[in-house]
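Undergrad: coords below, sequence missing:
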């Protein structure tokens, strides 16, 4: 009754709408869960007695949007489109580029910095530094962006080429150095640092050959030195650097004894003696160029010196005695003037 309705607020727990003239049976009872979710809290004045069922003409049915019936973009797939542009496709023939935030569009080829994921038909971004790639991995770069070098063995993009590689500025690639080089520049064999077991020589790394051998650049191996050489730069007798034991260095050769007019002299830092020339009047000398042991033809030996053949006489006795007492007889000039006094001096 009306008094019951006005006494307290009520809740509508279940309702249904019957439309006449439908093709299928319209009546469907909601489940308990659906009924609870559809509860409507109504105040008492809003409750009204059930009205007669509405006629079909009284029911408002929203109109559907009209479907696009024009020509789709060539990159649109078999699902069609909502308009004529590449960003209005419902699916793509080749690849979809972009995201929900930036909007997507269909493309035939993915742009630089992306690769085509054929399974998902999506353009996916390459790793940082890659201009073209075959996957997202850092080791799948095919070419690099400006400021990067392509490491062809690792398929990565780097700002500096690692040890054992040099930067090819024309192709922007990291190319491998010669196997003997630890570091190189501009060219494979232009080494700056050598690997262990090699030494740097004029920009090349050559093997550290054993004593008595040299590096043969044609055969790329160590060859034997001449038997007179301790170390050498080639197989010839005149290519010695140091002499073998008991040999002396003379005119770029190592000899068992110095020739006439020469004497062996030790040199600091060298393992062998070097043949030095005797005084110009000496035929042979020992220990010093002035310490003559034999004189050339036309000269006479006076002590350890050789003087010209003439009558051995003194200039002035007093003067020559002074030369003798001051030990000046060794000097060639005084020997010439004071031959007899100096000769007597022995």
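TA: Received, thanks. Remember, predicted model here, so these are calculated numbers, not experimental data.
Undergrad: Count the residues that sit near the closest residue to residue 87 other than its chain neighbours.
TA: Closest residue to residue 87 in three dimensions, ignoring its sequence neighbours and counting by CB to CB, 6 or more residues apart in numbering: residue 105, at 3.9 Å. (C-beta placed from N, C-alpha, C; glycine too.) Here the number of neighbours of residue 105 (other CB atoms under 10 Å) works out to 18.
Undergrad: Test my guess that residue 105 contacts residue 95.
TA: No - with contact defined as CB atoms under 8 Å, residue 105 does not count as touching residue 95 (9.7 Å).
Undergrad: tally of neighbours for residue 12?
TA: By the criterion of other CB under 10 Å, residue 12 has 13 neighbours.
Undergrad: What of residue 174?
TA: For residue 174, using other CB under 10 Å, the count is 24.
Undergrad: That one sits in which helix or strand?
TA: strand 173-176 (DSSP states H and E).
Undergrad: Determine the set of other helices and strands touching that strand.
TA: The criterion is 3 or more CB pairs under 8 Å, 6 or more residues apart in numbering; DSSP states H and E, and the helices and strands that strand 173-176 contacts are strand 149-151, strand 165-168.
Undergrad: can you rerun that using 10 Å?
TA: strand 141-144, strand 149-151, strand 156-158, strand 165-168 (3 or more CB pairs under 10 Å, 6 or more residues apart in numbering; DSSP states H and E).
Undergrad: pLDDT on the third one, on average?
TA: This points to strand 156-158. Across strand 156-158, the average pLDDT comes to 94.
Undergrad: Pairing partners for it, with directions?
TA: Sheet pairing of strand 156-158 (DSSP bridges) gives strand 149-151 (antiparallel).
Undergrad: quick one: the helix or strand hosting residue 132 to chain centroid distance?
TA: Using DSSP H and E, residue 132 falls within strand 130-133. Counting by CA atoms, centre = their mean, to the nearest Å, strand 130-133 is centred 20 Å from the centre of its parent chain.
Undergrad: same check, this time on stretch 132-141
TA: With CA atoms, centre = their mean, you get 20 Å for stretch 132-141.
Undergrad: Tell me where the model's unsure across the chain.
TA: 1-9, 18-65, 309-315, 332, 334-336, 340, 343-346 (pLDDT under 70).
Undergrad: count of residues packed around residue 171?
TA: Neighbour number of residue 171 under other CB under 10 Å is 11.
Undergrad: What of residue 192?
TA: Residue 192: 14 neighbours (other CB under 10 Å).
Undergrad: Could you pick out the longest helix of the chain?
TA: Assignment by DSSP state H gives helix 317-325 as the longest helix of the chain.
Undergrad: Could you list every helix and strand in contact with that helix?
TA: helix 332-337, helix 339-345.
Undergrad: go again using 6 Å as the cut-off
TA: Other helices and strands packing on helix 317-325, by 3 or more CB pairs under 6 Å, 6 or more residues apart in numbering; DSSP states H and E, are helix 339-345.
Undergrad: shouldn't residue 190 be in contact with residue 202?
TA: No - checked against CB atoms under 6 Å, the pair residue 190 and residue 202 is beyond contact range at 10.2 Å.
Undergrad: Can you tell me the strand partners of the strand holding residue 132 and which way each runs?
TA: strand 141-144 (antiparallel).
Undergrad: Show me what the strand it pairs with is in contact with.
TA: 129, 130, 131, 132, 133, 150, 155, 156, 157 (CB atoms under 6 Å, 6 or more residues apart in numbering).
Undergrad: how many neighbours does the third one have?
TA: To tie it back to what came earlier, the one meant is residue 131. Neighbours of residue 131 (other CB under 10 Å): 17.
Undergrad: residues contacting residue 266?
TA: Residue 266 sits next to residue 273 when contact means CB under 6 Å, 6+ apart.
Undergrad: if we go to 10 Å?
TA: 272, 273, 274 (CB atoms under 10 Å, 6 or more residues apart in numbering).
Undergrad: Same list, these, but as a markdown table with secondary structure please.
TA: Formatted as a markdown table, the contacts of residue 266 follow (DSSP: H, G, I helix; E, B strand; the rest coil):
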| residue | secondary structure |
| --- | --- |
| 272 | coil |
| 273 | strand |
| 274 | strand |
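Undergrad: In a markdown table: the helices and strands packed on strand 173-176, plus mean neighbour count.
TA: A markdown table is the format used below for the helices and strands packed on strand 173-176 (neighbours: other CB atoms under 10 Å):
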| stretch | mean neighbour count |
| --- | --- |
| strand 141-144 | 20 |
| strand 149-151 | 22 |
| strand 156-158 | 21 |
| strand 165-168 | 19 |
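Undergrad: can the ones you listed go into CSV with extra columns for distance to residue 330?
TA: Formatted as CSV, the helices and strands packed on strand 173-176 follow (distance: least, CB to CB, whole Å):
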stretch, distance to residue 330
strand 141-144, 80
strand 149-151, 73
strand 156-158, 74
strand 165-168, 64
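Undergrad: Helix, strand or coil: sort out the residue nearest to residue 209 when sequence neighbours are not counted for me.
TA: Leaving aside its sequence neighbours, residue 209 sits nearest to residue 222 (CB to CB, 6+ apart; 3.8 Å). Here residue 222 is strand, with the state taken from three-state DSSP.
Undergrad: Could you give the number of residues near residue 222?
TA: The burial count for residue 222: 16, using other CB under 10 Å.
Undergrad: I'd say it and residue 231 touch.
TA: No - contact criterion CB atoms under 10 Å: residue 222 and residue 231 do not qualify, at 11.6 Å.
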